[in-house]
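whatever this is, show me its structure:
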Amino acid sequence: MWRTCTVRFLRAAVVVALTAVLSLLLASQASAPLPAGSSRFLRAGQVDAIPDYNWYPGYYVLNSRDTAASKRSILDDPLVQPFTGVQFRYHWAASERRPGDYSAGFATLDADLKRVSAKGKKIMVMLMYKKFDGTSAVPADLRTGQGPWCSGSYCGELTTDNDTSLALLWNPVVEARLNAWITAMALHLSQSPYRGNVAGIVFNETALGTTDATVLASANYDPDVYIQAIEDNMLAATTAAPRLITILYFEGGFVSRNGGLVRAGEKIGNWMLLHPRTGAGTPDLKPKSPKGTNHPCTNSKYQSHIACAPAVQAPDYSTAVTDSFDQSFDYATAPVPDGHHASFFTFSYAVGAGPNAFTFADVSNNIASHPIPNIARPWPVNPVAGVVRKVSLTSPVRVGKDASLTVSVSPRARCTVDVIYRTVVPKPKGLGAKSGGRITWRWRVATATPPGRWPVIVRCGNGGTLNLRIRVLPR
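Sure, this is the predicted structure:
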């Protein structure tokens, strides 16, 4: 019960925190995790066509220092010329100097976009709410005093003995502020004159910085609330920037509170299948320590149906991690069971102390002979696709009561609707296929329906797909 209430409070706080314009952008969509047992589980060939989006697979360079001078030196380096683009980091703490004031982040982003465009490169925009150098990951006001932004003994962020700080995504006030910043940055990208040079948005790794159950309990950590917040943030980015893909560095962090299995890879992977333009990566590609099937990019259920984007950080050039560039390339681009099926391959500009199996110069010199093979779009494009939007939905609704959903479709289309309760896709009277430009479904929520937040999926062919959730209350 605590977990359910927390997730509901988190979502409500997110909506309150956003400005009116951003709220309108988010209103047409909501998270809709797909139950693994659903009879309508998406498979190859069942993915609906979506409007066009930026798709720039290839090699990218990750900056190791965030100064303007450092980023200029990367763009000016002849070794960077063969790369498709760069992946630059933008930190929440540096972007939002005062609550709701993102001008510092916008200014840095605009300057980088201009320079990247002038060089004829693409850019992956990495939004960071995690730090590794002992400095803070969240805005200053979230670190001061006691308040609703505190969870247990931590305020704003979880800090650990290894100099890691991570925003408290499971705290509803912190998550609302973070979600608002992500939305604002994504919207700014979508309105930039250089938006054609933006390859996508990347979120930092999911690892918490600690697996100590006592520490996590003192921060009121809950893995399911954490997963929900991650999904909400990805949805905020893809909604505010509808031409961009969004990548999550999936790298642990889903520690169970009771010793049971969290199944984070399955939950997030299933969610990604229902949300086009989302994907996963790993911040540390290690061929000698391959990922298991819990990672969405190394699981055949998700691979090739989502975007995958592994990265080689400075320590990952080491002979302890890989024997050669070829081994790292093969592990990144091969399909399961041998690799990640990557479309985007990122390399740190900085290289570890070694001994190393290869250098950054080796990467540059091998790009021409090692083109990325996985350049096909995971989601088919329908350039004339229409739009389906929510007009109204009865939510919350009690079991035994009537619910209704109204959508607008442009152009007119034939639409179907599925309401998925747990793993069941019932077809009560009133939920049949309908055609028109404004469609309403009315149905009775059966008394046996389990309480909870359940997916509602509207499919309108060329009109697109709308993912919603309905909250069912007990009698």
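
please name the nearest non-neighbouring residue to Pro474.
Pro451 (4.7 Å; C-beta to C-beta, 6 or more residues apart in numbering). All C-beta atoms are positioned from the backbone trio N, CA, C, and that covers glycine.

now Ser392: how far from Trp170?
Per C-beta to C-beta, to the nearest Å, Ser392 is found 31 Å from Trp170.

more neighbours, those two?
Trp170 (25 against 10; other C-beta atoms under 10 Å).

what's the pLDDT at the closest residue to that one other than its chain neighbours?
Distances taken as C-beta to C-beta, 6+ apart place Val225 nearest to Trp170, at 4.2 Å, with adjacent residues excluded. On pLDDT, Val225 comes in at 94.

what number of residues lie near Val225?
Val225: 22 surrounding residues under other C-beta under 10 Å.

quick one: it is in a helix?
Yes - assessed with DSSP: H, G, I helix; E, B strand; the rest coil, Val225 lies in a helix.

phi, psi of Ser318?
In terms of degrees, to the nearest 10, the main-chain angles of Ser318 are phi -70, psi 150.

give the contact list for it.
352, 354-357 (C-beta atoms under 8 Å, 6 or more residues apart in numbering).

can you classify Gly432 by secondary structure?
The three-state assignment at Gly432 reads coil, by three-state DSSP.

contacts only, for it.
Neighbouring residues of Gly432 by C-beta under 8 Å, 6+ apart: there are none.

okay, it and Arg442: tell me how far apart.
Distance, Gly432 to Arg442, using C-beta to C-beta: 11 Å.

same question, Gln81
60 Å.

and for Asn462?
Counting by C-beta to C-beta, the separation of Asn462 from Arg442 is 25 Å.

does Pro283 sit in a helix or strand, and which one?
Assigned by DSSP states H and E, Pro283 belongs to no helix or strand.

excluding chain neighbours, what is closest to Leu468?
Val456 (4.2 Å).

what sits opposite that neighbour in the beta ladder?
Going by DSSP bridges, Val456 is paired in beta bridges with Val419, Leu468.

burial measure for it, as a count.
22.

just checking, it touches Val419?
Yes - with contact defined as C-beta atoms under 8 Å, Val456 counts as touching Val419 (5.2 Å).

mind checking which of the contacts of Ser318 are buried?
Among those, those classed as buried by 16 or more other C-beta atoms under 10 Å are 356-357.

could the contacts of Ser318 go into CSV alongside distance to Ser289, secondary structure and pLDDT?
Formatted as CSV, these follow (distance: C-beta to C-beta, whole Å; DSSP: H, G, I helix; E, B strand; the rest coil; pLDDT from 0 to 100):
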residue, distance to Ser289, secondary structure, pLDDT
Gly352, 16, coil, 95
Gly354, 18, coil, 87
Pro355, 17, coil, 97
Asn356, 17, strand, 98
Ala357, 14, coil, 98
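
export the contacts of Ser318 as TSV, with columns for distance to Val407.
Formatted as TSV, the contacts of Ser318 follow (distance: C-beta to C-beta, whole Å):
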residue	distance to Val407
Gly352	53
Gly354	58
Pro355	60
Asn356	55
Ala357	54
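
how close does the residue lying closest to Asn356 once chain neighbours are set aside get to Ala309?
Closest residue in space to Asn356, ignoring its immediate chain neighbours: Tyr317 at 4.3 Å, by C-beta to C-beta, 6+ apart. As judged by C-beta to C-beta, Tyr317 and Ala309 stand 18 Å apart.

pLDDT value on the residue nearest to Leu468, please?
For Val456, the pLDDT comes out at 88.

wait, what's in contact with it?
So Val456 contacts 32, 393, 405, 417-420, 467-470 (C-beta under 8 Å, 6+ apart).

ok, 10 Å please
30, 32, 390, 393, 395, 403, 405, 417-420, 431, 441, 466-470 (C-beta atoms under 10 Å, 6 or more residues apart in numbering).

just Val61 next, same as before
Contacts of Val61 by C-beta under 10 Å, 6+ apart are 71, 74-75, 77, 79-80, 83-88, 121, 124, 346-349, 360, 363-364.

which of these fall within helices?
Using DSSP state H, the members of these that fall in helices are 71, 74-75, 360, 363-364.

out of the residues you listed, who's the most crowded?
Most surrounded of those: other C-beta under 10 Å gives Val363, at 24 neighbours.

and the pLDDT for it?
98.

surely it and Asp316 touch.
No - judged on C-beta atoms under 10 Å, Val363 makes no contact with Asp316 at a distance of 11.4 Å.

which neighbours do these two have in common?
Common contacts of Val363 and Asp316, defined by C-beta under 10 Å, 6+ apart, comprise 328, 347-348, 351.

can you say which helix or strand has Ser392 in it?
strand 387-393.

what's the neighbour count on Lys427?
Neighbours of Lys427 (other C-beta under 10 Å): 11.

got a list of what it touches?
417-419, 443 are the contacts of Lys427 under C-beta under 10 Å, 6+ apart.

now tabulate these in a markdown table and tack on distance to Asp163.
Converted to a markdown table, the contacts of Lys427 look like this (distance: C-beta to C-beta, whole Å):
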| residue | distance to Asp163 |
| --- | --- |
| Val417 | 50 |
| Asp418 | 47 |
| Val419 | 47 |
| Trp443 | 54 |
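
if we can go back for a sec, now the buried members of the contacts of Val456.
For the contacts of Val456, buried by 16+ other C-beta under 10 Å: 30, 32, 390, 393, 395, 403, 405, 417-420, 431, 441, 466-470.

ok, Ile247 touching Ala309?
Yes - in this structure Ile247 lies within contact range of Ala309 using C-beta under 10 Å: 4.8 Å.

low-confidence bits of this protein, can you list those?
1-49, 382-385, 422-426 (pLDDT under 70).

how close does the residue nearest the centre of it sit to Phe358?
When C-alpha atoms, centre = their mean is applied to the chain, the residue found nearest the centroid is Met234 (3.4 Å). Distance, Met234 to Phe358, by C-beta to C-beta: 32 Å.

okay, the angle between the helix or strand harbouring Val409 and strand 387-393?
Using DSSP H and E, Val409 sits in strand 402-419. Going by axes from the mean of the first three to the mean of the last three C-alpha atoms, to 10 degrees, strand 402-419 is angled at 150 degrees with respect to strand 387-393.

show me how far strand 402-419 is from its chain's centre.
In terms of C-alpha atoms, centre = their mean, to the nearest Å, the centre of strand 402-419 is found 27 Å from the chain centre.

show me what that strand is packed against.
The contact analysis (3 or more C-beta pairs under 10 Å, 6 or more residues apart in numbering; DSSP states H and E) places strand 402-419 against strand 387-393, strand 434-444, strand 452-459, strand 465-473.

buried ones in the third one?
If you call a residue buried by 16+ other C-beta under 10 Å, then strand 452-459 has these buried ones: 453-459.

same check on the longest one?
Residues of strand 434-444 classed as buried: 434, 439, 441, 443 (neighbour count, 16+ other C-beta under 10 Å).

just the closest of the residues you listed to Pro296, please.
Nearest to Pro296, judged by C-beta to C-beta, of the buried residues of strand 434-444 is Trp441 at 32.3 Å.

show me the contacts for that closest one.
Trp441 is in contact with 393, 403-407, 415-417, 419, 428, 430-434, 456, 458, counting by C-beta under 10 Å, 6+ apart.
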